[in-house]
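coords please:
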Amino acid sequence: MKNYELINLKMRVMKNKGLLKLSVIFLLCLIGLQGFSQVEELYKSNWNDPEIQQRIADGIRQNRMGSFSIQFNDSMGKPVKNVAVTVSQTSHDFYFGANGFMVKGFQNQKEDSLYEKYFTQLFNLTTIPFYWPELEPKPGKLRFGKDSEVIYRRPAPDLVMEFCKKYNITPKGHTLVWDNPRWSLPKWLPQDEVVMEQKINKRIDEIADRYRFDIPIWDVANEVTDRYNNVIMPKDFAFKAFKESERVFPGNTALTLNFTTNIWSRNKREYSHDYLLVENLLLRKAKVDVIGMQFHNFNEGEYWQILKGDVFSPQSMFNTLDVYSDFNLPIHITEITIAALSEKGPEYQAMMTENFYKLWFSHPNVEAIVWWNLVDGTAAPGVIKKDGYAAPGEDKWKGGLLNRDFSKKPAFDVLDRLINKEWKTNLNVNSATNAVKYNGFFGSYKLIVKTGGKSFEKVVTFPKKGSRNQVIILD
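Sure, this is the predicted structure:
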């Protein structure tokens, strides 16, 4: 290409980017003229629709709570009457998670400790990074062990597993197969489909050999319907990855097909290519156990459209969840970034976080909600593209629940209130018989039982898919 042609091309690219930037500036100016309060009212009126609020409230009550009965007997099986019971919920039968990419990843022990403190205050699931380039920097040199070379945002899996065991957190592996050339394909991987397929199978087998009994959930294929067309991959790699994963992982391992945020806005319902892919894989007997849906707000114009009620409305989000419930599979909200832009950004982030979490938690098919980056300043870094454009990293969206100094943002307090207060059952029950009954959220409970001048401490679990009646022996 001649020099003047290259200059013209760069000018056209810059012009297009400039138009995009100007459109965002125009939108911000328009919002400035309207006032933040007017935009906020548009958003609130959409979410405060009585039918939406009723569906959310009914859904939480019907899908996350049950009526429980506990009977108390002595060691001989005889009823123990006149019991006073303090019921304290200790855990959820629902996954609230975040990625664990910064486990032991800060510059000092104080920050590592703060990260663990705030992480465990909210979450019972951790997404562990298994990105290929950092897991296997050189062919055959796997970074499984906790004494492996330190790589930013890519802690060795064993290190995060240790964190999970310490705090009784469920680990989830992410991701086995992805065609992203920056994040998921090592530079040493041969550009040959046959060899690549062999290498992918070997990778899955080696990971399974080490973690098959310890990690119960895996993102098997990531972002398949938003794939990179210029990247060489084995034909039908998603199907093959599921078949290989089914072969090497135990039958009770949950294998996830993870989609990008675009799944929420592809409005062709059962004829969208996301839906058709799920259907195709299931018809061919691929063991797809979970449908994963990301929710990243990585677009400034979209951010303001959310606040105006134009995109990601509660109606449209319920519609998407309902469509994919056709498959009768669990749905996981796998990666969440809710931006905190503008002077009122933290307030808006908290408002959106509360609404989205309530909606997701209320839906019968949703079984997990996974925030992405807990702390601002720890998101994926930017990159210089081939045309010289410096693409900003994900930190620009300020999508953490904590500021970089670990001070809490309003969204953290929202989730703390929902997860640890509103969605937990704590009460006192007295009964003249040997049985107590109560309505509560599914999960585990600590019981303090007082009867006949004695006190007993017991644990009982009421999972969503389990008995609503328990018998406790007081001895």
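
Show me where the stretch 251-400 of the chain has its strands.
254-259, 290-296, 331-337, 366-371, 383-384, 390-391 (DSSP state E, counting those that start in this stretch).

Listing partners with orientation, what would you give for the third one?
Looking back up the chat, that one is strand 331-337. Neighbouring strands of strand 331-337 in its sheet, by DSSP bridges, are strand 290-296 (parallel), strand 366-371 (parallel).

pLDDT (mean, whole number) over the shortest one?
If I follow you right, that is strand 366-371. Averaging pLDDT along strand 366-371 yields 98.

so how far is that strand off the chain centroid?
5 Å (Cα atoms, centre = their mean, to the nearest Å).

State the pLDDT value of the residue nearest to L402 when sequence neighbours are not counted.
Excluding its sequence neighbours, the residue lying closest to L402 (Cβ to Cβ, 6 or more residues apart in numbering) is V375, at 4.7 Å. Bear in mind the C-beta positions are built from the backbone N, C-alpha and C, glycine included. V375 is assigned 98 on the pLDDT scale.

Enumerate every residue touching V375.
M102, Y115, G400, L401, L402, N403, R404, F406 (Cβ atoms under 8 Å, 6 or more residues apart in numbering).

and which of these is nearest S455?
Y115 (37.1 Å; Cβ to Cβ).

follow-up on the earlier one: most neighbours among the contacts of V375, which one?
For the contacts of V375, the largest neighbour count, defined by other Cβ atoms under 10 Å, is 28 neighbours, found at L401.

What ranges in the protein fall below the confidence cut-off?
Low-confidence segments of the chain (pLDDT under 70): 1-36, 384, 388-391.

Please enumerate the helices of it.
For the chain, helices defined by DSSP state H occupy the ranges 3-34, 36-47, 50-64, 109-122, 132-135, 157-167, 193-211, 237-248, 273-283, 300-308, 314-324, 345-362, 410-417.

Output those helices as JSON lines; include the columns distance to R143.
Formatted as JSON lines, the helices of the chain follow (distance: least, Cβ to Cβ, whole Å):
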{"stretch": "helix 3-34", "distance to R143": "37"}
{"stretch": "helix 36-47", "distance to R143": "44"}
{"stretch": "helix 50-64", "distance to R143": "38"}
{"stretch": "helix 109-122", "distance to R143": "19"}
{"stretch": "helix 132-135", "distance to R143": "5"}
{"stretch": "helix 157-167", "distance to R143": "8"}
{"stretch": "helix 193-211", "distance to R143": "12"}
{"stretch": "helix 237-248", "distance to R143": "20"}
{"stretch": "helix 273-283", "distance to R143": "30"}
{"stretch": "helix 300-308", "distance to R143": "36"}
{"stretch": "helix 314-324", "distance to R143": "35"}
{"stretch": "helix 345-362", "distance to R143": "33"}
{"stretch": "helix 410-417", "distance to R143": "31"}
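
ok now do E134, which residues does it touch?
R143, I151, R154.

As CSV, these with distance to A286 and neighbour count would be great.
Formatted as CSV, those follow (distance: Cβ to Cβ, whole Å; neighbours: other Cβ atoms under 10 Å):
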residue, distance to A286, neighbour count
R143, 29, 22
I151, 32, 16
R154, 28, 19
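
how does this structure divide into domains?
3-34, 42-64+95-393 (automatic domain parsing).

Could you single out the most deeply buried of those?
domain 42-64+95-393 (a mean of 18; mean count of other Cβ atoms under 10 Å).

measure that one end to end?
30 Å (Cα to Cα, to the nearest Å).

cool, stretch 321-336 as well?
Start and end residues of stretch 321-336 are separated by 16 Å (Cα to Cα).

Show residues contacting it.
With Cβ under 8 Å, 6+ apart as the test, stretch 321-336 has contacts from 95, 99, 127, 174, 219, 254, 256, 258, 269-270, 275, 278-279, 282, 288-296, 356, 360, 363-372.

so V370 touches F94, yeah?
No. Contact criterion Cβ atoms under 8 Å: V370 and F94 do not qualify, at 11.5 Å.

would TSV of the domains of the chain with distance to I473 be doable?
Below are the domains of the chain laid out as TSV (distance: least, Cβ to Cβ, whole Å):
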stretch	distance to I473
domain 3-34	63
domain 42-64+95-393	24
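
Nearest to K465 among those domains would be which one?
K465 sits nearest to domain 42-64+95-393 of all the domains of the chain, at 10.4 Å, using Cβ to Cβ.

now K409, nearest residue through space, not along the chain?
Leaving out its chain neighbours, the residue that sits closest to K409 by Cβ to Cβ, 6+ apart is P346, at 5.1 Å.

who's in contact with that neighbour?
Neighbours of P346 in contact, by Cβ under 8 Å, 6+ apart: A340, K409, P410, A411.

What separation do you get for it and V414?
Distance of P346 to V414, computed by Cβ to Cβ, to the nearest Å: 11 Å.

next one: N124
Distance from N124 to V414, by Cβ to Cβ: 17 Å.

Same question for A221.
Distance of A221 to V414, computed by Cβ to Cβ: 32 Å.

now swap in H332 and tell me
Using Cβ to Cβ, H332 is found at 20 Å from V414.

Over to G66?
With Cβ to Cβ as the criterion, G66 and V414 are 25 Å apart.

Who are the contact partners of the spatially closest residue to F106 that is not a sequence neighbour?
Among residues not flanking F106 along the chain, D112 sits closest, at 5.0 Å (Cβ to Cβ, 6+ apart). Listed by Cβ under 8 Å, 6+ apart, the contact partners of D112 are K104, G105, F106.

Recalculate using a threshold of 10 Å.
By Cβ atoms under 10 Å, 6 or more residues apart in numbering, the contact set of D112 is M102, V103, K104, G105, F106, F163.

Is it correct that the fourth one is in contact with E116?
No. Under the criterion of Cβ atoms under 10 Å, G105 lies out of contact with E116, with a separation of 11.2 Å.

For S455, name its beta-bridge partners.
Under the criterion used (DSSP bridges), S455 bridges to K450.

quick one: it and K243, what's the gap?
S455 is 55 Å from K243, where distance means Cβ to Cβ.

go on, I128?
To K243, I128 is 23 Å away according to Cβ to Cβ.

now P463
30 Å.

Ok, T337 next?
32 Å.

Same question for D74.
Per Cβ to Cβ, D74 is found 53 Å from K243.

do R154 as well
28 Å.

and what of P234?
For P234 relative to K243 (Cβ to Cβ), the value is 12 Å.

got any residues that touch both of these two?
N201.

For K437, give me its contacts.
S67, F68, S69, I70, Q71, V429, S431, R468, N469.

So which of those residues is the closest to Q198?
Checking the contacts of K437 one by one against Q198 (Cβ to Cβ), the nearest turns out to be R468, at 49.8 Å.

In contact with that closest one, which residues?
Going by Cβ under 10 Å, 6+ apart, R468 touches G66, S67, F68, S69, I70, K437, F442, F462.

if you set the cut-off to 8 Å instead, what comes out?
Per Cβ under 8 Å, 6+ apart, neighbours of R468: G66, S67, F68, S69, F462.

most surrounded residue in the residues you listed?
F462 (24 neighbours).
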